[in-house]
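>>> Just to be clear, the model below is a prediction. Sequence and coordinates:
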Amino acid sequence: MTVCKYSLPVALVARFRAGCTLLAIQILLQASVGVSQQTGPRHYPRFPHLPQDDVDPKDIPLTKLDGVEVGHIRSVRVSHQEPGGGNVVSRNLLIKTLSMEPLVFEVPHFLTQSECQQMRELAVSAGLGESDERYEPFSEDRPGNALPSKDEIDAKFADLDANDDKKVSLDELQDVFREGHDTAMAHEAIQLLLRVLNIDRDDDGFISREEFEFVNDDRISDYVQSYRFEVPTSKHRNNQQAIVKDFYLEDFFKRLRRRVSKTTGLPDVYVRQSEFAQVARYEQGGYHHCHVDSDEPDKALEADFPHRRTLLECCIAYPEEGDEPCRKCRFATLMVYLADVVDGGLTAFPAAGVPDINTDPKVTGEYLNMRGRCNLTTSCSGLTVKPEPGKALLWYNHRDPDQAKQRVGPVDYSTIHGSCPVGRAVKWVANFWVNFEPYQNEPPDSYGKTWGGEEEGQLNERVDYKKLEFEEIIRGGKTKPGSEEYCAQAKQDGRHDGAGGGRSRMEEEDSMTIDTAHEEL
């Protein structure tokens with residue numbers, strides 16, 4: 001039997017071996033930072049933020065960057081588009097470990113100067129504003145709603161009595177006012193409310209089941225609303241906010257979301273199914289008291305609702321009419337400063353490095369209590385970070401799971417944070433949250449036909465109108481968005497298909513992580 005042997009040129013064999021080696025290195029590097037591989041082009045429907053594959057995020061593990069030690073630096077390769085729809089430029093981002101407990105990273109220049117300006121203008125165009133509450137002094141003579149039935153009273157009392165000790169404490173009421181009324185009230189203020197409304201009959205600082213029958217929701221709401229205006233710092237936050245939705249500007253946010261994925265090391269499928277970007281504006285004196293960005297995985301129904309459930313569902317973008325309250329399911333927070341602040345406006349993590357913050361409820365309560373360190377208008381301590389345009393902070397809102405089957409652990413209360421009062425200038429931030437359950441759901445049928453009372457044709461016209469505004473901002477146009485002159489000019493130019501360039505120009509390069517310990521920025 002004759003065996004035929006074929007010989008190949010030595011140079012060709014060497015080139016083949018080198019190519020295989022480079023491919024293997026690239027695959028290993030991508031796997032080390034959790035970069036997802038796309039097997040084909042993505043096809044987007046009318047709502048382009050929704051993925052069109054069958055990937056279930058629950059099949060992909062949630063991972064965290066390794067902080068290594070404070071001062072450790074790694075880099076990741078990203079890209080941005082030059083102003084006015086210019087070229088796409090690749091660059092390195094440096095990710096520096098600021099704290100190990102909580103795990104917090106600092107990312108200078110996450111957004112470029114032009115992107116910071118664009119995000120601010122997009123927020124204004126999206127309707128940046130605050131609630132239009134009206135002040136009305138509280139009157140003890142004002143009638144309230146009818147008293148609920150005995151069964152409803154029993155259910156509501158059980159919801160308020162979190163520790164099941166058959167009485168409602170000031171701490172438990174404080175949680176209700178913070179979450180249900182967005183109002184931070186010290187114990188003394190709550191005790192005064194109980195006396196004025198004649199609820200705490202024996203004045204022992206607790207509400208018994210018998211005393212709870214004197215609770216009147218309307219009178220309490222009226223009192224809290226008046227209190228918010230008489231004590232301005234009792235508002236849990238003093239800022240303006242806007243949600244900037246992806247489908248108004250697809251390519252711009254597609255690029256930003258890919259950058260979030262590369263920076264966090266979280267798979268793209270999680271980032272694409274997460275919440276829309278939120279932009280907040282703090283004027284002089286603006287603040288945001290201590291809070292955490294996510295809810296406990298086993299959070300039950302709020303006290304305001306008599307019918308209890310074991311577990312609240314995660315919040316989604318388009319809830320059906322009649323849906324019950326939801327819980328925030330935010331695995332990670334990436335917050336970006338959009339402007340410089342001359343004085344104040346620090347981001348504070350007062351519980352950073354505090355022993356027993358996650359194990360002792362009394363310690364946790366101290367940092368969520370307006371009498372303690374939660375009031376950032378009187379105390380700005382712990383780990384603090386100064387705003388710088390384009391700089392991002394990254395942290396994880398949940399601890400590691402206790403059991404193998406759990407996807408996330410309890411809330412990490414060492415991430416308690418807030419914004420200290422702004423002294424001079426104006427503070428702008430953008431929040432990109434990465435959800436561990438899909439937030440981006442298809443709007444229900446009622447949204448497709450009548451969204452906010454609009455017929456489908458009106459809705460499409462409004463979406464197209466907003467797209468024109470947003471595209472003009474990205475292009476750096478001088479005409480004021482929303483004006484008749486702008487709309488006429490935009491429609492004449494035919495600017496309906498993106499923000500200055502095709503999708504191919506928006507594709508970013510594969511990321512590569514480089515660890516460089518003890519390197520200074």
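Yep, it's here.
>>> Now do the SS call for residue 255.
Secondary structure, DSSP: H, G, I helix; E, B strand; the rest coil: residue 255 is helix.
>>> Sorry, slip of the keys, the one I care about is residue 154.
Classification of residue 154 using three-state DSSP returns helix.
>>> Measure how buried it is and give me the count.
As a burial measure, residue 154 scores 14 neighbours (other CB atoms under 10 Å). Bear in mind the C-beta positions are built from the backbone N, C-alpha and C, glycine included.
>>> List the buried residues for stretch 337-345?
Of all the residues in stretch 337-345, those buried under the rule 16 or more other CB atoms under 10 Å are 337, 338, 339, 340, 341, 344, 345.
>>> CA atoms of it as PDB?
Written as PDB, here are the backbone C-alpha positions of stretch 337-345 (Å, rounded to 0.1, in the frame of the first residue of the first chain):
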ATOM      1  CA  TYR A 337     -21.100  62.800  35.400                       C
ATOM      2  CA  LEU A 338     -22.100  65.100  32.500                       C
ATOM      3  CA  ALA A 339     -20.700  68.400  33.700                       C
ATOM      4  CA  ASP A 340     -18.200  70.000  36.100                       C
ATOM      5  CA  VAL A 341     -19.300  71.200  39.500                       C
ATOM      6  CA  VAL A 342     -17.400  74.200  41.000                       C
ATOM      7  CA  ASP A 343     -18.400  73.400  44.600                       C
ATOM      8  CA  GLY A 344     -20.100  70.500  46.400                       C
ATOM      9  CA  GLY A 345     -22.200  67.900  44.600                       C
END
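>>> pLDDT averaged over it - what is it?
Average pLDDT, stretch 337-345: 94.
>>> Do a quick rundown of the helices in the stretch 201-350 of the chain.
Assigned by DSSP state H, counting those that start in this stretch, the stretch 201-350 of the chain shows helices spanning 209-212, 217-230, 250-264, 268-272.
>>> Mind telling me which of those helices the model trusts least?
Taking the mean pLDDT of the helices of the stretch 201-350 of the chain, helix 217-230 comes last: a mean of 79.
>>> got the buried residues for it?
In helix 217-230, counting by 16+ other CB under 10 Å, buried: 219, 220, 222, 223, 224, 225, 227, 228.
>>> Just the C-alphas of it, formatted as PDB.
Provided in PDB are the C-alpha atoms of helix 217-230 (Å, rounded to 0.1, in the frame of the first residue of the first chain):
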ATOM      1  CA  ASP A 217     -54.500  57.400  54.500                       C
ATOM      2  CA  ASP A 218     -55.800  60.700  53.000                       C
ATOM      3  CA  ARG A 219     -55.000  62.700  56.100                       C
ATOM      4  CA  ILE A 220     -51.500  61.200  56.400                       C
ATOM      5  CA  SER A 221     -50.900  62.000  52.700                       C
ATOM      6  CA  ASP A 222     -52.000  65.600  53.200                       C
ATOM      7  CA  TYR A 223     -49.800  66.000  56.300                       C
ATOM      8  CA  VAL A 224     -46.700  64.500  54.500                       C
ATOM      9  CA  GLN A 225     -47.300  66.800  51.400                       C
ATOM     10  CA  SER A 226     -47.400  69.900  53.700                       C
ATOM     11  CA  TYR A 227     -44.400  68.700  55.600                       C
ATOM     12  CA  ARG A 228     -42.400  68.400  52.400                       C
ATOM     13  CA  PHE A 229     -42.900  72.100  51.600                       C
ATOM     14  CA  GLU A 230     -42.400  73.300  55.200                       C
END
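>>> what's that helix packed up against?
When contacts are defined as 3 or more CB pairs under 8 Å, 6 or more residues apart in numbering; DSSP states H and E, helix 217-230 sits against helix 187-196.
>>> the inter-axis angle of the helix it packs on versus helix 217-230?
140 degrees (axes from the mean of the first three to the mean of the last three CA atoms, to 10 degrees).
>>> Show me what helix 187-196 is in contact with.
Residues from elsewhere that reach helix 187-196 (CB atoms under 8 Å, 6 or more residues apart in numbering): 140, 170, 173-174, 177, 185, 199-200, 203, 205, 207, 220, 223-224, 227, 231, 234, 369-371.
>>> ok, now with 7 Å
For helix 187-196, contacts defined as CB atoms under 7 Å, 6 or more residues apart in numbering pick out 140, 170, 173, 174, 200, 203, 205, 223, 227, 371.
>>> circling back: export the buried residues of helix 217-230 to JSON lines and append columns for distance to residue 116.
As requested, those are exported to JSON lines (distance: CB to CB, whole Å):
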{"residue": "219", "distance to residue 116": "45"}
{"residue": "220", "distance to residue 116": "42"}
{"residue": "222", "distance to residue 116": "41"}
{"residue": "223", "distance to residue 116": "41"}
{"residue": "224", "distance to residue 116": "36"}
{"residue": "225", "distance to residue 116": "35"}
{"residue": "227", "distance to residue 116": "36"}
{"residue": "228", "distance to residue 116": "32"}
